[in-house]
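S.K.: Pasting the sequence and the predicted model now:
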Amino acid sequence: MAVFTQVAEEEARELLRRLQLGELRELRGIHGGIENTNYFATTDQGQFVLTLFERLSPAQLPFYLRLMKHLALHGIPVPEPHAVPGQKQENLLLEVAGKPAAVVNRLRGHSELAPGARHCAEVGAMLARMHLAARDFPLSQPNLRGLAWWNETVPVVLPHVDPDQAALLRSELAFQNHVAASSAYAALPRGPIHADLFRDNVMFEDGELTGFFDFYFAGVDSWLFDIAVCLNDWCVDLPTGAHDAARAAAFLRAYASVRPLASAERQLLPAMLRAGALRFWISRLWDFHLPREAALLKPHDPSHFERVLRQRVAHPPALYAATS
Ligand SMILES: Nc1ncnc2c1ncn2[C@@H]1O[C@H](COP(=O)(O)OP(=O)(O)O)[C@@H](O)[C@H]1O
Ligand SMILES: N[C@@H](CCOP(=O)(O)O)C(=O)O
């Protein structure tokens, strides 16, 4: 479960009054997620989520919260964080039970864990709208799970893997460092990205997308990396990791109908699919072999992204037709 810190009803009621979000009717711990403490809070004015940040530093949080606010104000369906009326509106970071906290709108619906081409198209189109809407977001924070982190973390996980896996980690990391030094990479359009937009971070209701959430891995990186992370989750078969060409084409066509891909993006798409697989293989190996004290849930299976990476290396998919 993901209630690491208990919140007294009285404290939540007082906070929601200060935020002018109404009178608390129900406060319910959310039994999902692994990073933060989350509660659903229902008031006479609406439904909200109260999050207490258990690990993220208060210095990192304004980027995520203000990005969500910015996107919400630009019409992208994401949880909108609330500030105390009368205080600076960019001050979205609150304190509850001695922890940094936020109150955001609750999205309607549920995650679609067995998506079809139509779901993938909706996510692709909304991702492109989100990238464009974030172009003028004034804050900047790097993708903290980007290349620099892979270079730091691969040596940490190497002692825990077999020689074949170690060889793949080393060679793929070398390949990604080589790609990152290329002129095509320098030409990739960049901006704030979600960076973890898996099936469980998107809501649908009656087949319609109702929102993206869990922005706590967001950062400034190439838009293509965000696309690759999505393709590697939404458009592969679980658990084999095999590429699903129909879903990938639907995703890319919808994305490109909102923002056509640049030539550098079309060129580097196969490399970036490998990058997206490497990123989550490394983080899952790290979580699996070096578990954090507070992690209460069983870590995700690292071998899934090893399979996805091997497939991406052996069979670079021909996706270009869908991108122009
Ligand atoms: N804004 C929201 N609207 C609706 N449900 C939410 C919202 N935020 C979180 N949830 C629910 O809480 C669960 C855990 O949230 P998540 O952000 O994944 O937690 P963690 O950051 O701890 O991994 C989600 O799977 C979702 O069901
Ligand atoms: N999507 C990542 C894990 C990130 O955790 P989250 O539950 O906070 O989205 C993975 O599958 O490895």
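M.R.: Structure's in. What do you need? Numbers count the residues shown, from 1 in each chain. Ligands and ions are numbered 1, 2, ... in the order given.
S.K.: Need the residues that contact stretch 167-177.
M.R.: Applying Cβ atoms under 8 Å, 6 or more residues apart in numbering, the external contacts of stretch 167-177 come out as 147, 150-151, 154, 157-158, 161, 271, 274-275, 278, 281-282, 306, 309-310, 313. From N, CA and C alone the C-beta is placed, and that goes for glycine too.
S.K.: in it, what counts as buried?
M.R.: Of all the residues in stretch 167-177, those buried under the rule 16 or more other Cβ atoms under 10 Å are 168-169, 172-173, 176.
S.K.: Show me those that map onto helices.
M.R.: Using DSSP state H, the members of the buried residues of stretch 167-177 that fall within helices are 168-169, 172-173, 176.
S.K.: quick one: contacts for the residue of the stretch 201-324 of the chain found nearest ligand 1?
M.R.: Across the stretch 201-324 of the chain, the shortest distance to ligand 1 (Cβ to the nearest ligand atom) belongs to D214, at 3.8 Å. By Cβ under 8 Å, 6+ apart, D214 lies in contact with 33, 196, 201.
S.K.: Neighbour-wise, give me the winner out of those.
M.R.: In terms of neighbour count, D196 stands highest of those at 21 neighbours, by other Cβ atoms under 10 Å.
S.K.: State the distance from the residue lying closest to that one once chain neighbours are set aside to S283.
M.R.: Setting aside the residues directly before and after it, D196 is nearest to F217 in space (Cβ to Cβ, 6 or more residues apart in numbering), at 4.1 Å. Distance check for F217 against S283: by Cβ to Cβ, to the nearest Å, it reads 9 Å.
S.K.: what residues do these two have in common as contacts?
M.R.: Contacts common to F217 and S283, judged by Cβ under 8 Å, 6+ apart, are R145.
S.K.: Please list all residues in contact with the closest residue to ligand 2 within the stretch 101-250 of the chain.
M.R.: In the stretch 101-250 of the chain, no residue comes nearer to ligand 2 than F198, which is 4.4 Å away by Cβ to the nearest ligand atom. Going by Cβ under 8 Å, 6+ apart, F198 touches 229, 233-234.
S.K.: Might one say that the residue nearest to D196 is in contact with A195?
M.R.: Yes - the criterion here is Cβ atoms under 8 Å, and F217 meets it with A195 at 4.6 Å.
S.K.: Return every residue with contacts to both of the two.
M.R.: Common neighbours of F217 and A195 (criterion: Cβ under 8 Å, 6+ apart): 143, 145.
S.K.: Could you export the ones in helices among the buried residues of stretch 167-177 as TSV, including pLDDT and distance to E112?
M.R.: Listed next are these as TSV, based on pLDDT from 0 to 100; distance: Cβ to Cβ, whole Å:
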residue	pLDDT	distance to E112
L168	98	31
L169	98	32
E172	98	30
L173	98	33
Q176	98	30
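S.K.: Can you show me the strands along the stretch 201-324 of the chain?
M.R.: In the stretch 201-324 of the chain, the strands defined using DSSP state E, counting those that start in this stretch lie at 202-205, 208-212, 219-222.
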